[in-house]
Every structure is written in structure tokens, then in C-alpha cells.
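A.B. asks: Provide a 3D model corresponding to the input given below.
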Amino acid sequence: MPETTVLLAHEGPVCVITLHRPAALNSFTAEMHGQLLAALNAAADDTEVRAVLITGSGRGFCAGQDLNDPAMVGSAADVGGVIERYYRPLALRVRSMPVPVVVAVNGVAAGAGANFALCADLVLAARSASFIQAFSKIGLVPDCGGTWLLPRLVGRARALGLAMLGEKLPAEEAQRIGLIWQVVDDAALMSSALALAQRLAALPAKALVATRRALDEAAPMDFGDALALEATLQGELGRGADFAEGVAAFLGKRAPLFTER
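C.D. replies: Residues are numbered from 1 along each chain as shown. Predicted coordinates for the structure are as follows:
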């Protein structure tokens, strides 16, 4: 029987996905990639799921690629092939989820584990957590979207410093420089992350996903093109049931009940 490397649970409309190789700090293997992508695809297809929360078992979130995994053994391993086969689909899946994605980082998030976390919409971290761009230490560049994410989150200078030096970045510093959303006390991490995911689940999912799209796509645009994109998205959302519900709830002075995905 294959090892169970990903755990699934549901807390109302929130799908909780837990990386589960605690003895190896939840480092990635081919088996874990398969189970994780399947879990994300299932959450995307489940119309009852309105938010996804991802965390790790044990004392770490994810230490990146397991270099003992057969897919990465030996200096002649096809690392580029591993990226194309496993990490590119994973990163693209997270960034295209039809619902908001929250990551709760417990302990270390290193290498691809750090950048996988940063693919999410909102990242919470325990106060004792840390982020490490460990790639330069083994002669590689950031992957799992790191080269795209880092400069957009913290700017070119900090991105280069993090990527080239590979130093441990404490969670509180990660929040200070804008790499992540929020730091909370270790004991409050999961309750805070679940509360955040449930809060997002009650909001209009299509509008949240469109907000993600607008911010990502506007980054390389000039101001006029960004305004045009806003008009396109507002036109689509304005014809939807959630907009009608939001306006009716506002006028009726009641809580809205959003249903679209």
C-alpha cells in the first residue's frame, strides 16, 4: 500500500489539507506530489468547498524536495524534468483554485516548501516558524514559482538577498517585509488559520478569485490596461448572483449569503 502523505478533513465549507511526512519535515516526494495534487483537484471540483487551508504535520511545514526520493537521486538527475512534472503543475493548481487558499506555516518552510506556501492567497505563520530559500546551497535557483513570487512580494533587492544568501528568515521578519500576511502565537496557529479560512468561505468566492487574477495580471500592465481589466471583471461579476445578493443584503440591512463559485 502507498504511504499516506496527505491528510484530508472538512470543517464545514473549508477543506483542510495536511502534508503528512512528519519524520521527514513533510519534504516532497513523487508520492506526496500525486496525493497533494489529487487533493487540490478534488477540492476544486467539490462545489461544497469554499476555501482551502493547507498546513503540515509535526514540527515543520515542508522542508522542500526530499533529496532521497528516487526522482532526485544522483548528480545526473533531471532536475528540470522534476520541475516540469511535479512543481509546475502544483504551483499552477494553487494559483488557479476557484476558491481562496490559506496556508498555515508551522515550523520551517524551506526551498520549494517555502515557495509552495507563498503560492497561496494568504499565509499565516507560527511565531516560531521560518522561511529559507535554500536553493543556492545546492547549486540551484528558486523553483515552485519562487522567481516570480519573491520580487513581487518583497521587491528585487530583498528577493535577491533571500535567494542568493539562503539565510533563515524568521516569521516576524517575513511579515514585516510583506512576504506573508500574518504571524500568530504557535498555540493559536490552527485556530486562527481556520477562522480566517471560514471567514473567506463566507465571502463571494468568484469575486475573491477575480481579485487574485486582477492583482496578478495588472502587475506588468500599464495603468490604462489595468483599468480596462477592472472593467471587464466588474462587468462579469456585476451580472452574477453574488453581486445581486450583496446589494440586496446591503439595502435590506442583513447578512449576505453568497453561493456562486
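A.B. asks: How are the strands of this protein distributed by residue range?
C.D. replies: 6-11, 14-19, 51-56, 60-62, 101-105, 108-110, 122-126, 130-132, 169-170, 182-184 (DSSP state E).
A.B. asks: Name the residues of the last one that come out as buried.
C.D. replies: For strand 182-184, the buried set under the neighbour-count rule, 16 or more other Cβ atoms under 10 Å, comprises 183, 184. In this view, the C-beta of every residue, glycine as well, is placed from N, C-alpha and C.
A.B. asks: Could you give the separation of that strand from the chain centroid?
C.D. replies: Offset of strand 182-184 from its chain centre (Cα atoms, centre = their mean, to the nearest Å): 15 Å.
A.B. asks: how about CSV for the strands of the chain, with distance to residue 38 and mean pLDDT added?
C.D. replies: Output for the strands of the chain, formatted as CSV (distance: least, Cβ to Cβ, whole Å; pLDDT from 0 to 100):
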stretch, distance to residue 38, mean pLDDT
strand 6-11, 8, 98
strand 14-19, 10, 98
strand 51-56, 13, 98
strand 60-62, 17, 97
strand 101-105, 16, 98
strand 108-110, 22, 98
strand 122-126, 23, 98
strand 130-132, 26, 98
strand 169-170, 31, 98
strand 182-184, 29, 98
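A.B. asks: Mind checking these for the one nearest to residue 261?
C.D. replies: strand 51-56 (10.7 Å; Cβ to Cβ).
A.B. asks: Work out the gap between the closest one and the centre of the chain.
C.D. replies: Using Cα atoms, centre = their mean, the offset of strand 51-56 from its chain centre is 8 Å.
A.B. asks: got the CA coordinates for that strand in CSV?
C.D. replies: Taking C-alpha atoms only, strand 51-56 is exported to CSV below (Å, rounded to 0.1, in the frame of the first residue of the first chain):
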residue,chain,number,x,y,z
ALA,A,51,-12.0,27.7,1.0
VAL,A,52,-8.9,25.6,1.3
LEU,A,53,-6.5,25.5,4.3
ILE,A,54,-3.1,23.8,3.9
THR,A,55,-0.7,23.0,6.8
GLY,A,56,1.9,20.4,7.8
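A.B. asks: hang on, the earlier thing: could you dump the strands of the chain into a markdown table and include distance to residue 157?
C.D. replies: Listed next are the strands of the chain as a markdown table, based on distance: least, Cβ to Cβ, whole Å:
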| stretch | distance to residue 157 |
| --- | --- |
| strand 6-11 | 36 |
| strand 14-19 | 31 |
| strand 51-56 | 29 |
| strand 60-62 | 26 |
| strand 101-105 | 23 |
| strand 108-110 | 21 |
| strand 122-126 | 21 |
| strand 130-132 | 17 |
| strand 169-170 | 14 |
| strand 182-184 | 22 |
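A.B. asks: now for these, which one comes closest to residue 251?
C.D. replies: strand 51-56 (26.8 Å).
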